[in-house]
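*Asks:* Just need the structure, nothing else, for what follows:
(one chain, ligands or ions: 2)
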Amino acid sequence: MAKHRLLIKSAKQVVQVVNNGARVLTGKDMRHLSILDASEDGDDGLSVGLWMDGRICAVGPDKEIQEQYDDSQFDNIVDATGQCLVPGLVDGHTHAVWAGDRVHEFAMKLAGATYMDVHKAGGGIHFTVGHVRDSSEEELYAQLKQHASRMLAAGTTLVEVKSGYGLDVDTEMKMLAAIERAKNDRSLPIDISSTFCGAHAVPKHKTAQEATTDVVDVQLPRLQQLMDNGQLHVDNIDVFCEQGVFSVEQTRRILTAGTNMGLAINFHGEELHRLNSAEMGAELGARAISHLEKVSEAGIEAMSRAGSIGVVLPTTAYILRLTPPPVRAMIDAGMAVALGSDFNPNAHCLAMPIVMHLACVLLHMSMEEALVAATINGAASLGRADTQGSIEVGKQADILILDVPRWEHLIYQIGSHQHVIRDVVKNGVVVHSRAET
Ligand SMILES: N=CN[C@@H](CCC(=O)O)C(=O)O
Ligand SMILES: [Zn+2]
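*Replies:* Ligands and ions are numbered 1, 2, ... in the order given. Prediction:
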């Protein structure tokens with residue numbers, strides 16, 4: 001008899017998100033979630049079965065799965081009576097490798113300083129760069145591991161993580177090495193998509209033009225070497241395209257050099273000023289562009305046509321009191337929207353359930369849209385929608401078991417996700433269970 005890894009049975013709802021193999025949901029399709037509901041369908045309960053390799057082999061009513069499989073075929077059986085299953089969450093944008101907090105800057109911002117006031121005074125990213133340059137790879141890795149473990153406990157099973165607090169070749173590669181260790185650490189069961197962001201700020205004593213040349217002629221060639229010899233496996237290229245940081249043309253030069261190395265474009269655009277970087281990114285075939293608070297109608301149209309995904313970051317808009325990105329216009333124009341926590345020392349929030357809540361209240365997304373943005377579309381923004389982002393046969397079993405009668409409680413109960421999430425299943429293994437309350 002074929003052995004299987006896990007059976008989750010008797011669930012009340014299984015929120016598959018999609019059930020037809022769709023790899024991304026755009027525009028109005030983001031409103032429609034595929035949900036199996038036992039009480040509405042007249043079933044006793046719902047089951048999800050997993051193969052030994054951690055992929056999903058069956059989704060459906062308990063009775064049907066029982067007919068297909070014998071309980072003894074499963075190594076482990078989890079009873080989810082009355083509970084709800086949703087896919088593991090995807091965090092599409094983080095700066096999770098850093099050292100030195102910036103709580104003092106939070107106080108400055110509350111007293112009226114803007115993000116750019118702090119940045120230009122040598123704080124912000126520059127403050128963190130100083131601490132990261134002074135830290136060893138080991139120390140950075142220890143910090144990242146703690147952040148990633150907390151993300152996992154908050155339901156994130158796939159996360160994008162950037163470099164960008166080095167701004168010189170050695171420190172940038174040190175950050176990427178710390179991320180690589182996290183990717184390979186079997187005791188840290190979270191999937192990571194890694195991003196080179198050597199152009200996150202203009203380092204002190206350099207012009208933006210000099211910094212651009214350093215990224216293109218020094219940092220990217222070193223990265224190529226480390227990728228060629230198998231020491232690093234980096235997925236994406238990023239630039240902070242912003243007035244007073246990198247211009248659209250400098251950004252274009254860096255992103256083009258990155259794509260020539262096979263990296264996917266996933267950059268910061270249109271955050272504080274409208275520079276028309278969305279149009280530039282769409283023209284280059286960007287897989288994703290983040291922030292977009294200031295994106296124009298033409299930028300939205302261009303992204304929609306190019307299939308570039310907008311990764312919106314509600315915590316940043318909230319903490320910096322920015323006008324939020326025009327998500328309704330994006331969705332109306334047929335764009336795909338994903339969500340990220342933007343976890344960094346400026347925006348110290350790594351919990352995607354809180355991010356989804358803020359997306360609903362501040363960005364006027366529906367709960368269905370927020371879940372799509374934090375699952376299948378997040379996976380698509382990282383090129384992982386073929387394996388993650390939905391509960392479908394053949395996909396990796398990254399599943400949250402929620403101890404609530406309807407899945408929406410995950411978003412509604414702001415700040416209580418640690419109680420709502422009973423178990424986090426990663427690749428078919430229960431890797432986190434909530435503490436008893
Ligand atoms: N805007 C640029 N980068 C980050 C902030 C990083 C930092 O302040 O340390 C962001 O996405 O919000
Ligand atoms: Zn960012």
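*Asks:* Show me what secondary structure element comes after the helix or strand encompassing residue 267.
*Replies:* Using DSSP states H and E, the element containing residue 267 is strand 264-269. Moving toward the C-terminus from strand 264-269, the first helix or strand encountered (DSSP H and E) is helix 277-284.
*Asks:* which other helices and strands contact that following helix?
*Replies:* Here helix 277-284 is seen to pack against helix 248-260, strand 264-269, strand 288-291, helix 297-306 when contacts are counted using 3 or more C-beta pairs under 8 Å, 6 or more residues apart in numbering; DSSP states H and E. Using the backbone N, CA and C atoms, a C-beta is placed for each residue, glycine as well.
*Asks:* Just put those in JSON lines and tack on distance to residue 168.
*Replies:* Shown next, in JSON lines, are the helices and strands packed on helix 277-284 (distance: least, C-beta to C-beta, whole Å):
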{"stretch": "helix 248-260", "distance to residue 168": "15"}
{"stretch": "strand 264-269", "distance to residue 168": "20"}
{"stretch": "strand 288-291", "distance to residue 168": "24"}
{"stretch": "helix 297-306", "distance to residue 168": "32"}
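*Asks:* Which one, of these, ends up nearest to ligand 1?
*Replies:* The closest of these to ligand 1 is strand 264-269. By C-beta to the nearest ligand atom, the value is 5.2 Å.
*Asks:* Check the offset of stretch 392-404 from the chain's centre.
*Replies:* A distance of 17 Å separates the C-alpha centroid of stretch 392-404 from that of its chain, computed with C-alpha atoms, centre = their mean, to the nearest Å.
*Asks:* Please work out the average pLDDT along it.
*Replies:* The average pLDDT for stretch 392-404 rounds to 98.
*Asks:* From the opening residue of that stretch to its closing one, how far?
*Replies:* The first and final residues of stretch 392-404 sit 22 Å from each other (C-alpha to C-alpha, to the nearest Å).
*Asks:* Stretch 402-413 too?
*Replies:* 12 Å.
*Asks:* Name the residues that touch it?
*Replies:* Taking contacts as C-beta atoms under 8 Å, 6 or more residues apart in numbering, the residues outside stretch 402-413 that touch it are 12-13, 15, 35, 82-86, 155, 353, 356-357, 360, 367, 370-371, 400, 417, 419-422, 434.
*Asks:* Repeat that for stretch 20-38.
*Replies:* Residues lying outside stretch 20-38 but in contact with it, judged by C-beta under 8 Å, 6+ apart, are 11-19, 44-46, 59-61, 304, 307, 309, 331-337, 366, 368-369, 371-373, 376-377, 380, 385-386, 390, 392, 407.
*Asks:* What number of residues are in the vicinity of residue 106?
*Replies:* Each residue near residue 106 was counted by other C-beta atoms under 10 Å, and the total is 15.
*Asks:* Where does it sit: helix, strand or coil?
*Replies:* Put simply, residue 106 is helix when judged by DSSP: H, G, I helix; E, B strand; the rest coil.
*Asks:* what residues are up against the closest residue to ligand 1 within the stretch 201-350 of the chain?
*Replies:* Scanning the stretch 201-350 of the chain for proximity to ligand 1 using C-beta to the nearest ligand atom identifies residue 346 as nearest, at 3.5 Å. Contacts of residue 346 were listed using C-beta under 8 Å, 6+ apart, and they are 102, 105, 115, 124, 316, 319, 320.
*Asks:* Next step: those restricted to helices.
*Replies:* 105, 115, 316, 319 (DSSP state H).
*Asks:* Show me which residues of this structure are close to ligand 1?
*Replies:* Counting by C-beta under 6 Å from any ligand atom, the positions of the chain adjacent to ligand 1 are 95, 124, 125, 128, 240, 268, 271, 316, 342, 344, 345, 346.
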